[in-house]
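Peer 1: Fold the following, please.
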Amino acid sequence: MVDSVFKLVTGNRLRDGTVIYFAGGGIWTPTIAEARLVEERDGAALLADAQAGPPPHPAVAPTLIEATRDGERVVPVTLRERIRAGGPTIAHSGG
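Peer 2: Below is the predicted model of the structure:
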């Protein structure tokens, strides 16, 4: 069952471009299920927390996005963010 719409912070890891999510307490994770979800009204504070501390920050272009919970799963609202959360849509050729 889908719950309310929440906010979370995402960006790309500075060192390699991997999609990462803010888990709170200065911690970033590549796993969306570990992202800190907040109510709409707390989104700005979450984004500020994600950007706190001296540079360089671990994430490039931290951005608030909308997500829902479907049971234990965290599901981004937009197609673009569902694609980012799911990983590359093409195989890496390795060459």
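
Peer 1: buried ones in the host helix or strand of Phe22?
Peer 2: Using DSSP states H and E, Phe22 maps to strand 19-24. Residues of strand 19-24 classed as buried: 19-23 (neighbour count, 16 or more other CB atoms under 10 Å). C-beta here means a position set from N, CA and C on the backbone, and glycine is covered the same way.

Peer 1: got a markdown table for these, with pLDDT too?
Peer 2: Conversion of the buried residues of strand 19-24 to a markdown table gives the following (pLDDT from 0 to 100):
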| residue | pLDDT |
| --- | --- |
| Val19 | 96 |
| Ile20 | 97 |
| Tyr21 | 98 |
| Phe22 | 98 |
| Ala23 | 97 |
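
Peer 1: now what about the next helix or strand after the strand holding Phe22, what contacts it?
Peer 2: Note on strand 19-24: by DSSP H and E, the next helix or strand toward the C-terminus is strand 27-29. Residues outside strand 27-29 that contact it (CB atoms under 8 Å, 6 or more residues apart in numbering): 11, 13, 20-23, 35, 58-59.

Peer 1: counting contacts, what elements does the strand holding Phe22 pack onto?
Peer 2: Packing partners of strand 19-24 (3 or more CB pairs under 8 Å, 6 or more residues apart in numbering; DSSP states H and E): strand 2-13, strand 27-29, helix 43-50, strand 59-70.

Peer 1: Would you check how far apart Gly17 and Ala59 are?
Peer 2: Using CB to CB, to the nearest Å, one obtains 11 Å as the distance from Gly17 to Ala59.

Peer 1: swap in Leu8?
Peer 2: 12 Å.

Peer 1: Residues in contact with both of these two, list them for me.
Peer 2: By CB under 8 Å, 6+ apart, the residues touching both Leu8 and Ala59 are Phe22.

Peer 1: Which of these two has more residues huddled nearby?
Peer 2: Under the criterion of other CB atoms under 10 Å, the comparison of Leu8 against Ala59 puts Leu8 first, with 24 against 21.

Peer 1: what pairs with the more buried one across the strands?
Peer 2: Beta-bridge pairing for Leu8 (DSSP bridges): Ile65.

Peer 1: That one touches Ala35, doesn't it?
Peer 2: Yes. Applying CB atoms under 8 Å, one finds Leu8 in contact with Ala35, separated by 4.3 Å.
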